[in-house]
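Student: coordinates for the following, if possible.
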Amino acid sequence: MATHVQPRAHDLPLLRRWATAVNTCNCPDVEHADLFTRWLVISRACVFSMTFTSGFIGVLLAAYTGAFVENTLFKIWLAFLSVIGIVFAHASNNLINDYTDTKRGVDTEDYPRSQYSKHPVLGGLTTPGRLLQVALTLTFIDGLIMLYLASVSGWPVIVFAVLGLVISLGYTAFLKRYALGEIASLIVWGPLMTGGTVYAITGAIDWNTMLLTLPYGLIVASVLIGKHTDKIENDRPVGVHSVPVLLGLQRSLWLNKITFILFYVLVVALVIGGVATPWILLTFLALPRLFAVWKTYSQPKPATKPDDWPVWPLWYVAFAMHLNRGYGGLFMFGLILGLIAPHIARLLGVGA
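Tutor: Numbers count the residues shown, from 1 in each chain. Below is the predicted model of the structure:
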């Protein structure tokens, strides 16, 4: 049950609280924090950057089709609704995940979910009923957004949204228990989120665009692989047969190393095939980050919590997330340069 804590002044300023919750999945003395900070922690807003990135990549891919040339403000409105919709969907899924795992007894005081961050229910931040209530409210809002976007751009918007909802609901109940959660994350954060955003803005999508959704979807899957690798010993006894549980620790670490490399294989293939702008090769600037993560994946996990490590006992997932942000940021930057470079060249008279 949620505990009722008397409000008092928090040690951190408001904006610092929000930043801490977003960057570390937690906030010191969170039970005394403001309502918004508490729900940032409860909903695990620290991982929303992946969803923002998937959505923004979709916005950029829509821009490549010329979607924003006419009715610019209206198309920006559609883009805004699309990105907000998928972030709400992600938040709702996290809440339902915690609700389901708490009810099933998967989440306990000694399970990693209760250790790397204050657990919404076990930590006394809210109740199972409130988790479900907020999740359903977010889903209802998403339903309204879906219907509006479908009325503007076409019924396939509903297909993208419903497929995402079905996979999200199935993730906790079935997919992650039978080694399907990792591939599901690739599909959701790649073709469904990014591709769905493109369709919601433009009312159309082609196979080349769908191919461009795969690199970032793959690197989101690497975050799930890292997380499930961290939880091997905790998941096995409760019947969660994720890919890392089936493979074991060392094979799982190698699987993620291969996934890190496959991102670059996809990027190069898309450029050589003429599907993507060569500017996305800027992702190779993340190689130093890859080398650092590779080194960590080649060494044993520390036996005890390192100083100032915010998400212990999670370890490998944090480095996968670090690489995810590097890859994703440079991928977006490359797409942006691919859009603006021709205009800059014309202004400078280059190639005229």
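Student: can you point out the buried residues in stretch 131-146?
Tutor: Buried positions in stretch 131-146, judged by neighbour count with 16 or more other Cβ atoms under 10 Å: 131-132, 134-135, 138-139, 142, 145-146. C-beta coordinates here come from the backbone N, C-alpha and C atoms, glycine included.
Student: same check, this time on stretch 61-72
Tutor: Applying a neighbour-count criterion of 16+ other Cβ under 10 Å, the buried positions in stretch 61-72 are 61-64, 67-68.
Student: redo these as CSV? Include distance to Ala184.
Tutor: CSV is the format used below for the buried residues of stretch 61-72 (distance: Cβ to Cβ, whole Å):
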residue, distance to Ala184
Leu61, 22
Ala62, 24
Ala63, 28
Tyr64, 27
Ala67, 28
Phe68, 31
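Student: can you redo the residues you listed as JSON lines with pLDDT?
Tutor: Conversion of these to JSON lines gives the following (pLDDT from 0 to 100):
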{"residue": "Leu61", "pLDDT": "98"}
{"residue": "Ala62", "pLDDT": "98"}
{"residue": "Ala63", "pLDDT": "97"}
{"residue": "Tyr64", "pLDDT": "96"}
{"residue": "Ala67", "pLDDT": "96"}
{"residue": "Phe68", "pLDDT": "96"}
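Student: C-terminal to the least confident helix or strand in the chain by mean pLDDT, what's the next element?
Tutor: Every helix and strand of the chain was ranked by mean pLDDT, DSSP states H and E. The lowest is helix 112-115, at a mean of 69. Next helix or strand after helix 112-115 toward the C-terminus (DSSP states H and E): helix 128-153.
Student: before we move on, the earlier item: pLDDT and distance to Leu175 for the buried residues of stretch 131-146 - can I get that in JSON lines?
Tutor: Rendered in JSON lines, the data for the buried residues of stretch 131-146 read as follows (pLDDT from 0 to 100; distance: Cβ to Cβ, whole Å):
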{"residue": "Leu131", "pLDDT": "92", "distance to Leu175": "20"}
{"residue": "Leu132", "pLDDT": "92", "distance to Leu175": "20"}
{"residue": "Val134", "pLDDT": "95", "distance to Leu175": "23"}
{"residue": "Ala135", "pLDDT": "94", "distance to Leu175": "18"}
{"residue": "Leu138", "pLDDT": "97", "distance to Leu175": "20"}
{"residue": "Thr139", "pLDDT": "96", "distance to Leu175": "18"}
{"residue": "Asp142", "pLDDT": "97", "distance to Leu175": "20"}
{"residue": "Ile145", "pLDDT": "98", "distance to Leu175": "24"}
{"residue": "Met146", "pLDDT": "98", "distance to Leu175": "22"}
